[in-house]
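Novice: no FASTA, just this:
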């Protein structure tokens, strides 16, 4: 059917509604101290808006000092992971209509990482663990003159863990990580899994050695918080268990 | 001194992660042990419960003579010793991981673990001693309370 100008068919009207955001704010002074506090904003949101749109509206129209990270705003860059109504999610993938808008929507920074300001946390401990598992292809011998070939089955083996966008939603949902932040965390293990089970990679033994640590995979208690938090639907806990299994078959 | 740094100034190199590497197979063996001992304990404990509480006269049969009779046989000595050790190591390791997961302060963690290992030592040493040095036929006890093989 071609679009016609003269017949504006009655598209269903999407209702707008008022939504209240209860945001955890934090602004340290020059001496680095300050108390976090709660701030409430009520904005008019369109029926198709996401939490990120509401946050934008607050920042652009009400309080420009509200600080949060976002980059692509479409669930790919992984910048805007935050704790919304007690669950880690991406603000840009959480529709307001899916939340209970009768009550204030609680927005907090992700847990377990030091807060810099408002919803912005220091991601460095997270990325330090990521770097430690060597997230790059490790090979031996001469570089081939063409691509390193791989069958569809070999690719499917680690397909799930290639989807990670390093948003830290999983790691900051993990109760073991909250305790002391020493645990490698699900995200680092997922990205190790991506290379350990890659047929082209030859660094599996090294990576298993790194993760066979007191703070490595053995601290996982399989609470499945990470699997539930992952905005990309990665079966994180399953990946961690597969790494454990690889270690056990290697040791015995 | 202002804490706000010049954003264009070169950043100081990051310190290496403060985590000391604690690599090794210890946690791996611990993890495997928990699974293996768990399966064995299922058999041992339910076997123990069945023999003591269900088989024969059931729970009414338990008295000094019953326990003494059991511990006179090497089979039940080994059974109970295995149950004691596996349960204690399994339980202690489980509580150790819980302490590691929940005790945030270093001092508290250390204190809890010292207490835990102390309790472990006391129970295991005492239990092992009892199983091996147990006298089923103490002298000058009424014969009715003793197992049938005691001939005073």
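Specialist: Received it, and whenever you're ready, just let me know what you need. Just so it is clear, the structure is predicted and the values come from calculations on it, not from any experiment.
Novice: for the stretch 1-150 of chain A, which spans come out with low pLDDT?
Specialist: Applying pLDDT under 70 to the stretch 1-150 of chain A picks out residues A:1-9.
Novice: residue boundaries of the strands in it?
Specialist: A:17-25, A:37-45, A:81-84, A:87-90, A:105-108, A:115-117, A:120-121 (DSSP state E, counting those that start in this stretch).
Novice: can I get those in JSON lines with mean neighbour count and distance to residue B:22?
Specialist: No exception for glycine: its C-beta is placed from N, CA and C like everyone else's. JSON lines is the format used below for these (neighbours: other C-beta atoms under 10 Å in any protein chain shown; distance: least, C-beta to C-beta, whole Å):
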{"stretch": "strand A:17-25", "mean neighbour count": "18", "distance to residue B:22": "34"}
{"stretch": "strand A:37-45", "mean neighbour count": "14", "distance to residue B:22": "38"}
{"stretch": "strand A:81-84", "mean neighbour count": "24", "distance to residue B:22": "28"}
{"stretch": "strand A:87-90", "mean neighbour count": "23", "distance to residue B:22": "27"}
{"stretch": "strand A:105-108", "mean neighbour count": "21", "distance to residue B:22": "31"}
{"stretch": "strand A:115-117", "mean neighbour count": "17", "distance to residue B:22": "28"}
{"stretch": "strand A:120-121", "mean neighbour count": "20", "distance to residue B:22": "26"}
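Novice: could you dump those strands into CSV with distance to residue A:186 added?
Specialist: Putting the strands of the stretch 1-150 of chain A into CSV (distance: least, C-beta to C-beta, whole Å) gives the following:
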stretch, distance to residue A:186
strand A:17-25, 23
strand A:37-45, 29
strand A:81-84, 13
strand A:87-90, 11
strand A:105-108, 20
strand A:115-117, 21
strand A:120-121, 16
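Novice: for chain B, find the nearest of the ones you listed.
Specialist: Closest approach to chain B among the strands of the stretch 1-150 of chain A (C-beta to the nearest C-beta): strand A:115-117, 12.0 Å.
Novice: what lines up beside that closest one in the sheet?
Specialist: The strands beside strand A:115-117 in its sheet (DSSP bridges) come out as strand A:120-121 (antiparallel).
Novice: out of the strands of the stretch 1-150 of chain A, which is closest to residue B:94?
Specialist: Set against residue B:94 and scored by C-beta to C-beta, these come closest in strand A:87-90, at 27.8 Å.
Novice: which helices and strands sit right next to that closest one?
Specialist: strand A:81-84, helix A:225-229 (3 or more C-beta pairs under 8 Å, 6 or more residues apart in numbering or on different chains; DSSP states H and E).
Novice: would you list those in JSON lines and tack on distance to residue A:39?
Specialist: Compiled in JSON lines, the helices and strands packed on strand A:87-90 are given as follows (distance: least, C-beta to C-beta, whole Å):
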{"stretch": "strand A:81-84", "distance to residue A:39": "14"}
{"stretch": "helix A:225-229", "distance to residue A:39": "24"}
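Novice: turn these into a markdown table, including distance to chain B.
Specialist: Rendered in a markdown table, the data for these read as follows (distance: least, C-beta to the nearest C-beta, whole Å):
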| stretch | distance to chain B |
| --- | --- |
| strand A:81-84 | 20 |
| helix A:225-229 | 13 |
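Novice: so what's the residue count around the closest residue to residue A:151 other than its chain neighbours?
Specialist: Once flanking residues are discounted, residue A:151 sits nearest to residue A:199: 7.9 Å by C-beta to C-beta, 6 or more residues apart in numbering or on different chains. By other C-beta atoms under 10 Å in any protein chain shown, the residues close to residue A:199 number 14.
Novice: report the contact partners of residue A:199.
Specialist: A:150, A:151, A:154, A:157 (C-beta atoms under 8 Å, 6 or more residues apart in numbering or on different chains).
Novice: what residues are up against residue A:219?
Specialist: A:176, A:183, A:184, B:27, B:100, B:101.
Novice: which members of those occur in helices, if any?
Specialist: Of the contacts of residue A:219, the ones assigned to helices by DSSP state H are A:176, B:27, B:100, B:101.
Novice: gap between the most centrally placed residue in chain B and chain A?
Specialist: Nearest to the mean C-alpha position of chain B, by C-alpha atoms, centre = their mean, lies residue B:88 at 1.0 Å. To chain A, residue B:88 is 21 Å away according to C-beta to the nearest C-beta, to the nearest Å.
Novice: can you tell me what sits against the one helix or strand residue B:49 maps to?
Specialist: Using DSSP states H and E, residue B:49 sits within helix B:26-49. Defining contact as C-beta under 8 Å, 6+ apart, one finds that helix B:26-49 is touched by A:212-214, A:216, A:218-219, A:244, A:247-248, A:251, B:79-80, B:82-83, B:86-87, B:89-90, B:93-94.
Novice: among those residues, which ones are buried?
Specialist: Neighbour counting by 16 or more other C-beta atoms under 10 Å in any protein chain shown classes A:212-214, A:216, A:218-219, A:244, A:247, B:79-80, B:83, B:86-87, B:89-90, B:93 among these as buried.
Novice: and of those, the nearest to residue B:151?
Specialist: residue B:80 (25.0 Å).
Novice: surely that closest one is in contact with residue B:128?
Specialist: No - assessed by C-beta atoms under 8 Å, residue B:80 is found out of contact with residue B:128, at 9.9 Å.
Novice: anything in stretch A:129-143 near chain B?
Specialist: Yes - Stretch A:129-143 is in contact with chain B by C-beta under 8 Å from any C-beta of the partner chain, via A:129, A:132.
Novice: listing request: residues of chain B with sub-threshold pLDDT.
Specialist: If you take pLDDT under 70 as the line, chain B has these spans: B:1-21, B:152.
Novice: number of residues surrounding residue A:171?
Specialist: 35.
Novice: top of the contacts of residue A:199 by number of neighbours, please.
Specialist: Most surrounded of the contacts of residue A:199: other C-beta under 10 Å gives residue A:157, at 16 neighbours.
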